[in-house]
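Q: Dropping a prediction and its sequence here:
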Amino acid sequence: MSNNQFDPSKASCPLWKLIAPNLLCTLPPSECSAAECSLTAPLTCGGCQKTSYCSKEHQKKDWANHRKLCSPFKIVQKPGYGRHLVATRDIKPGEVILEEVPVTCGPKQYTAPVCLGCHKLVSLSGYRCSGCEWPMCDEKCAKRPIHQGECSVFAQSKLKPTSLKRKNGMEMEPDMEIEHPIYECVTSLRVCLVMGLKPENWKVVEKMETHREERQLMEHSLHNQHNIVTFLLKHAKLAEIIPGVTEEHVTRAIDALDVNAFEIRGSFHSIRGLYPLTAMMNASCSPNTQNSIDADWVCRVRAARKIQKGEEICDTYTATLSNTLYRRKSLKNSKYFDCRCSRCADPTELGSHFSTLLCRVQGCAGYVVCKDPLNYAANWKCLKCETEMPGRDVQAEQEEWEEKIENAPKNIESQKKLLEALSLLYHPNHNMCVDVQFNLVPLLGLSKKTDLIAEAEKKLGFVENIIEVMNKVIPGMFRMRGMFLAELYTTKLFLLRSKLESKEISKSVFVRRLAGFRTILVEAKTILEFEPQGSIEASRLESVNNFLTQLDQVVADAGKILTQ
């Protein structure tokens, strides 16, 4: 199903029956999957919801073969954890655990004007849909199935984006890429439209977590009530399109998106999609899975490392390369729970020291960690001299430095000074130090006026350190690891060539060491191949494949010379 033709009225996933057991089966009649049986199969496997059998007897008989193909997980309910996924067998790294289409997709709540067909940024002065008069790329986009539902709503209500006005009353330029408030309602509207387009899918939405009690107390609750709920019911007259739709329905749509939606990256303006089963995974700041959403908006969840039978299958809902204070605060504000995963509970963050400070007592130089990371107010204590720091002071200082990092010029000199200053206060592996190293990696080696070899050696140190930190906090086949492995190879290759050109090493030594780099490229290739076409990772994969071809050719040519 190409995203050009994604139709929410046809969106379906057999696995959604695991979430909503009363969901009507949409599978066409089929023959029994047991060997040498062609009888009609009215029974469906409760694990994968795909394979059918004529009888329980044949289902048991076929289990030895089917168990390798059946979904490798089950949904478990546990007090304090809610519903979550648990592995029913060992799962190999890179193996697809599940895949699903979205219930629907759409723009993020706060966005500049985008085409409601392909979701690319558009101008308010450009082409407009002939039905609803909303800005679109062209007629082709206006006819895409994803747009038809809201088109009817907006056409009937005559609501459309108009130029925003400045405080002085003057209209803003139509091509300015600034957030437009009318777009806040679009994706919530698309979720509500599922009630009429495909009622079975609305049953799945009703089973999704919303955290309504917590969310109604948040600051943005009144904003959403006015800009989305009231707007759709009063101004867009949604009840005339969906009979019986209520304030509770629209609120559920908003909540389901905010709590469960996943970002869909692509060449277009990034959007969000509602993937019910993927959202069923509990959070971990050291997850064992990673999902990729391709150009068809199909989400595939893969094992990032080996998952043992009985182990919980986890995803992450925050930036894994951020420290515990930031992650837990972010999860509390956006997902409405206090993360208590093994990484958050460990003062050293699984031995990475990603949150560790340096002792402020002169001459001590000990490491300072939080006494109880699951308590926001807990004091921090030096592991050497046992001096304590109030938790509120640590948080305030960190927020101050985060702002400095955010606002610092992205040039080598400014970033180096920033790293030097941070190194006096924080462990070298603290996430803020690593953040600056992230900033420096693409900058080093760009200017020909500098000592390129010295910069490459510095860059190599940063890349190796970042990979080592990732090995501790997010070990496994994550896309970021693949990207940094490619960076590791190119940096090592530059330094090796420099040694060859300066005659510090012979050609034979060059070839032998180059051949040793092949494992780096192979691992990068394996990881990046999981990513969808059009992504930045897919682009890097092309480079990795070229590097592999060149490396193998150099080694092969050297081998021919030796055998002559």
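A: All right, it came through fine. Residues are numbered from 1 along each chain as shown.

Q: shaky segments in the stretch 101-250 of the chain?
A: Residues of the stretch 101-250 of the chain meeting the criterion pLDDT under 70: 165-177.

Q: Residue 89: what secondary structure?
A: On the three-state scheme (DSSP: H, G, I helix; E, B strand; the rest coil), residue 89 is labelled coil.

Q: wait, isn't it in contact with residue 69?
A: No. Counting by CB atoms under 8 Å, residue 89 does not reach residue 69; the two are 11.3 Å apart. Every C-beta, even on glycine, is put in place using the N, C-alpha and C of the backbone.

Q: how close does residue 229 get to residue 31?
A: Note on residue 229: its distance to residue 31, by CB to CB, to the nearest Å, is 49 Å.

Q: just residue 505 next, same as before
A: Separation of residue 505 from residue 31 (CB to CB): 65 Å.

Q: again, but for residue 60
A: For residue 60 relative to residue 31 (CB to CB), the value is 18 Å.

Q: And residue 331, by the same measure?
A: To residue 31, residue 331 is 47 Å away according to CB to CB.

Q: More neighbours: those two, which one.
A: Higher neighbour count among residue 331 and residue 31: residue 331, with 20 against 13, using other CB atoms under 10 Å.

Q: Now do the same contact list for the more buried one.
A: By CB atoms under 8 Å, 6 or more residues apart in numbering, the contact set of residue 331 is 283, 317-318, 337-339.

Q: Pull out the buried residues from those residues.
A: Buried subset of those (neighbour count, 16 or more other CB atoms under 10 Å): 283, 317-318, 337, 339.

Q: Mark which of those residues are part of strands, please.
A: Residues of the buried ones among the contacts of residue 331 located in strands (DSSP state E): residue 283.

Q: low-scoring stretches of the stretch 351-500 of the chain, by residue?
A: The model of the stretch 351-500 of the chain has no residue with pLDDT under 70.

Q: quick one, strands of it?
A: 357-358, 367-370, 380-382, 388-389 (DSSP state E, counting those that start in this stretch).

Q: For the last one, which helices and strands make contact with it?
A: Packed against strand 388-389 by the contact rule (3 or more CB pairs under 8 Å, 6 or more residues apart in numbering; DSSP states H and E) you find strand 380-382.

Q: Centre of the chain to the strand it packs on, how far?
A: 33 Å (CA atoms, centre = their mean, to the nearest Å).

Q: just stretch 262-279 next, same as before
A: Relative to its chain's centre, stretch 262-279 lies at 8 Å (CA atoms, centre = their mean).

Q: Over to stretch 317-330?
A: 14 Å.

Q: Give me the average confidence score over that stretch.
A: Mean per-residue pLDDT for stretch 317-330: 95.

Q: Return the set of buried residues in that stretch.
A: For stretch 317-330, the neighbour count (16+ other CB under 10 Å) marks 317-318, 320-329 as buried.

Q: And for it, what's in contact with it?
A: Under CB under 8 Å, 6+ apart, the answer for stretch 317-330 is 283, 285-287, 331, 334-335, 338-339, 343-344, 349, 354-355, 370, 373-374, 376, 394-395, 398, 402, 430-432, 434-435, 469-470, 473-474, 480.

Q: Those in helices, which ones?
A: Among the contacts of stretch 317-330, the residues falling in helices (DSSP state H) are 331, 334-335, 343-344, 394-395, 398, 402, 431-432, 434-435, 469-470, 473, 480.

Q: Quick one, which of those are buried?
A: Buried, going by 16+ other CB under 10 Å: 331, 335, 343-344, 394-395, 398, 402, 431-432, 434-435, 469-470, 473, 480, out of those.

Q: and the spatially most central residue of the chain, what is it in contact with?
A: By CA atoms, centre = their mean, the chain has its centre lying nearest to residue 263, at 6.2 Å. Contacts for residue 263 (CB under 8 Å, 6+ apart) come out as 270-272.

Q: okay if I get those as a markdown table plus neighbour count?
A: What follows is the contacts of residue 263, written out as a markdown table (neighbours: other CB atoms under 10 Å):
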| residue | neighbour count |
| --- | --- |
| 270 | 14 |
| 271 | 25 |
| 272 | 20 |
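
Q: List just the nearest of the residues you listed to residue 257.
A: Closest to residue 257 out of these is residue 272 (6.7 Å), distances taken as CB to CB.

Q: For the residue nearest to that closest one when sequence neighbours are not counted, give me the pLDDT.
A: Leaving aside its sequence neighbours, residue 272 sits nearest to residue 261 (CB to CB, 6 or more residues apart in numbering; 4.1 Å). Note on residue 261: pLDDT of 95.

Q: quick one: residue 261 and residue 276 touch, right?
A: No. Under the criterion of CB under 8 Å, residue 261 makes no contact with residue 276, lying 10.5 Å away.

Q: so what's the spatially closest residue to residue 100 that is not a sequence neighbour up against?
A: Spatially, and ignoring its direct neighbours in sequence, residue 100 is nearest to residue 13 (4.3 Å; CB to CB, 6+ apart). By CB under 8 Å, 6+ apart, residue 13 lies in contact with 100-101, 276-277.

Q: In a markdown table: the residues you listed, plus distance to residue 179, secondary structure and neighbour count.
A: As requested, these are arranged in a markdown table below (distance: CB to CB, whole Å; DSSP: H, G, I helix; E, B strand; the rest coil; neighbours: other CB atoms under 10 Å):
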| residue | distance to residue 179 | secondary structure | neighbour count |
| --- | --- | --- | --- |
| 100 | 30 | strand | 23 |
| 101 | 28 | coil | 20 |
| 276 | 28 | coil | 22 |
| 277 | 31 | coil | 22 |
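
Q: ok, of the residues you listed, which one's closest to residue 311?
A: For the contacts of residue 13, the nearest to residue 311 is residue 277 (17.8 Å; CB to CB).

Q: Residue 99 is in contact with the closest one, correct?
A: No. Assessed by CB under 8 Å, residue 277 is found out of contact with residue 99, at 9.2 Å.

Q: between the buried ones among the contacts of residue 331, which is closest to residue 540?
A: Nearest to residue 540 among the buried ones among the contacts of residue 331, counting by CB to CB, is residue 318 at 24.0 Å.

Q: starting at the chain centroid, how far to stretch 254-269?
A: Computed by CA atoms, centre = their mean, the chain-centroid distance of stretch 254-269 equals 10 Å.

Q: before we move on, what about stretch 245-255?
A: The chain centroid and the centroid of stretch 245-255 are separated by 26 Å under CA atoms, centre = their mean.

Q: cool, stretch 16-34 as well?
A: On CA atoms, centre = their mean, the centre of stretch 16-34 falls 29 Å from that of its chain.

Q: residues touching residue 42, list them.
A: 52, 54.

Q: So it versus residue 77, what's the distance?
A: In this view, residue 42 and residue 77 are 28 Å apart by CB to CB.

Q: what's the answer for residue 454, then?
A: Here residue 454 is placed at a distance of 58 Å from residue 77 (CB to CB).

Q: One more: residue 233?
A: Computed as CB to CB, the residue 233 to residue 77 distance reads 34 Å.

Q: ditto for residue 367
A: For residue 367 relative to residue 77 (CB to CB), the value is 40 Å.

Q: can you tell me which helix in this protein is longest?
A: The chain, longest helix under DSSP H: helix 536-563.
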